[in-house]
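Student: fold the stuff below for me.
(chains A, B and C)
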Amino acid sequence: MDCLLSEEVVAEIRRSLLDWYRRNRRDLPWRREKNPYKTWVSEIMLQQTRVDTVVPYFERFMEQFPTLEALAEAPEEQVLKAWEGLGYYSRARNLHAAVKEVVANYGGKVPDDLERISKLKGIGPYTAGAILSIAYDKKAPAVDGNVMRVFSRLFALTDDIAKVSTRKKMERLAETLIPDEAPGDFNQALMELGALICSPTSPQCLFCPVLSVCDAYRLGMEEELPRKKKAKPPTEEEVAILLITCGMHFLVEKRPDQGLLAGLWGLPTIGWSDQKEMESILEFCDQKQIPATKFMIKGQFEYIFSHRHWKVTVMTVETPDTGWEVPENWKWVTKETIGEITLANVYHKALQL
DNA sequence: AAGACGGGGCC
DNA sequence: GGCCCAGTCTT
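Tutor: Okay, the predicted model is just below:
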């Protein structure tokens, strides 16, 4: 690796990238002050999520939980509500648990060393490096998808970026490149370059500050890199989403705290197979002792998670009154009060029908 | 090493 | 409509 990089190339990359970043960095809400808590929240929100999506969530989150202590004291329901629609909800639950731990064990100060910060829930190698470098000026690599794409092209690396060994190789590369003076800016420069210039498709090479040292550009293979094994397609599942009603009221269910959409509220959902839709629904109502008087199919739609593909049937189930004993973790809501709970997107979509 | 875990943008 | 984006935890 070191044989790959001459002193001159290292110096050129550092200088050009930092210079470019200081002139082209986007003005983002979490970049306005150096604050480990804000860096932390922003980095968690930015995992698998675009900047444009995160900005409004981040601003609302900071209004609601301006400090680490405020977040630590908040009820989990409120934290999940603030995360509603962002996806990967375990990020919010892990962040909340970790912030509580920082208050309990570290006097409310985010640890500034790799060993301790890495033990916090939801902080893996990337986020640890991002917080340490951006908030604490430590020379720690922060290798995300942007950085792997930039490195793959800059050094014409054909390694599969889905592999752990490739990420480790990239981290060693980052360590040799990060300058002493501005580790945080340099890491952010790499990611900003990946977001703005060295984009996944049709990179803007002619505007790239490190074009002159880019191996992929020289070899004309920037569109073929990075190399990555294809993900397997999502598995197909047929489900029925039940709108169990009584007048203006309907039932919502608190989902278990493990698995899909953990800890969120949803509508009762039943998986089924082999055309046994109605059988499964009747069996479900029987088992939950739901006094159903009328069933009606309201519509169908498809909903794709990254790893599951739901073919959804939405069905209303009418019941005579709200006096019967509802299962544990269920409750009655109305159109007016539904906004108070955190409902996953797929159920918002079902309610539109 | 592979699978689980959401949602959104681009063409 | 089909393609792409991808950190961390669990198994």
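Student: quick check: A:Asp180 vs A:Ser133, distance?
Tutor: Distance, A:Asp180 to A:Ser133, using Cβ to Cβ, to the nearest Å: 12 Å. C-beta here means a position set from N, CA and C on the backbone, and glycine is covered the same way.
Student: and for the two, which residues touch both?
Tutor: Residues within reach of A:Asp180 and of A:Ser133 at once, by Cβ atoms under 8 Å, 6 or more residues apart in numbering, are A:Lys139.
Student: those two: who's more crowded?
Tutor: More crowded of A:Asp180 and A:Ser133, by other Cβ atoms under 10 Å: A:Ser133, with 24 against 8.
Student: that one contacts A:Pro179, doesn't it?
Tutor: No: look at A:Ser133 against A:Pro179 with Cβ atoms under 8 Å: they stay out of range, at 11.0 Å.
Student: need the overlap of contacts for those two.
Tutor: A:Phe186.
Student: surely A:Val41 and A:Leu95 touch.
Tutor: Yes: A:Val41 is in contact with A:Leu95 according to Cβ under 8 Å; the separation is 7.0 Å.
Student: output the below-cut-off pLDDT ranges for chain A.
Tutor: A:1-3 (pLDDT under 70).
Student: next to DNA strand B, which bits of chain A? Give me the list.
Tutor: Proximity of chain A to DNA strand B, by Cβ under 7 Å from any atom of the strand, involves residues A:48-50, A:52-53, A:85-90, A:163-165, A:201-202, A:232, A:235, A:258-262, A:304-308, A:344-346.
Student: which bits of chain A sit near DNA strand C?
Tutor: A:47-48, A:88, A:90, A:94, A:121-128, A:144-146, A:148-149, A:194, A:200-201, A:228, A:230-231, A:306.
Student: mark which of these are part of helices, please.
Tutor: Counted as lying in helices by DSSP state H, out of the residues of chain A next to DNA strand C, are A:Ser90, A:Asn94, A:Pro125, A:Tyr126, A:Thr127, A:Ala128, A:Gly145, A:Asn146, A:Met148, A:Arg149, A:Gly194.
Student: I'd like those residues as TSV, with neighbour count appended.
Tutor: Shown next, in TSV, are those (neighbours: other Cβ atoms under 10 Å):
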residue	neighbour count
A:Ser90	15
A:Asn94	16
A:Pro125	18
A:Tyr126	18
A:Thr127	22
A:Ala128	24
A:Gly145	18
A:Asn146	19
A:Met148	25
A:Arg149	24
A:Gly194	21
